[in-house]
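>>> need coordinates for the following:
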Amino acid sequence: MDIERRRIALATVFGGFALMAALPAAGSTADEQAVAKNLEAFRTAQAAKNGDALAALVAPELSYSHSDARVEDKAAFLKGATNLATRTLSLDYKDPSIRVVGDVAIVRFTWKSESEVVADGKKSTTNLHILMNWQKQNGDWKLLTRASTKI
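Purely as a prediction, here's the structure:
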């Protein structure tokens, strides 16, 4: 395993611990815990650019909005999320909150990431406020919508 892959693996492990530690274990419902598990799986899959894992977590009706006002459906999101032109160096979902209302979960957090353009090594950081809506479909929580705002 090269150093970069180790770094992503460590960030994934520690980011997951941070996410789970941020959620109130004693007061959270089974649905909130299930959404938290899928949220962490989504973050991990995004960092790894794992298209199969992402596809399994998003609804067919996905509407994914970027902070530059681009809106993507499921196919466009998966194509962009698995593009290997950039490498994710770190990806954290800070201070997540999850509120389940019926078969919908409202999720908010702060996205902090560092990435690198593969071709020239140029690094950039991103700080966003994220709003996600997850819907329970056939007993499993799927990402239905996502919107972001630059901080």
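
>>> in the chain, which residue is closest to the centre?
Nearest to the geometric centre of the chain sits Arg43, at 3.5 Å (Cα atoms, centre = their mean).

>>> who does the closest residue to that one other than its chain neighbours form a beta bridge with?
Of all residues not flanking Arg43 in the chain, Tyr93 sits nearest, at 5.2 Å (Cβ to Cβ, 6 or more residues apart in numbering). From N, CA and C alone the C-beta is placed, and that goes for glycine too. For Tyr93, the beta-bridge partners are Trp111 (DSSP bridges).

>>> so the residue of the chain positioned farthest from its centre, which state does it fall into?
Centroid-distance maximum for the chain: Asp120 at 25.6 Å, with Cα atoms, centre = their mean. Classification of Asp120 using DSSP: H, G, I helix; E, B strand; the rest coil returns coil.

>>> so that it lines up with my notes, have the first residue be 6 from now on.
From this message on, residue numbering opens at 6, which makes the last subject Asp125.

>>> gap between it and Asp36?
To Asp36, Asp125 is 44 Å away according to Cβ to Cβ, to the nearest Å.

>>> my guess is the residue nearest to the centre of the chain contacts Pro101, does it?
No: Arg48 lies out of contact with Pro101 (Cβ atoms under 8 Å); the separation is 9.4 Å.

>>> can you report how many residues neighbour Asp97?
When counting by other Cβ atoms under 10 Å, one arrives at 18 neighbours for Asp97.

>>> show me where this structure has its helices.
In the chain, the helices defined using DSSP state H lie at 8-27, 35-53, 56-62, 79-86.

>>> what's the spacing between the residue nearest to the centre of the chain and Lys79?
For Arg48, the distance to Lys79 equals 18 Å [Cβ to Cβ].

>>> got it, and Asp36?
Taking Cβ to Cβ as the measure, Asp36 falls 23 Å from Lys79.

>>> what about the chain, any weak spots by pLDDT?
Applying pLDDT under 70 to the chain flags the ranges 6-32.
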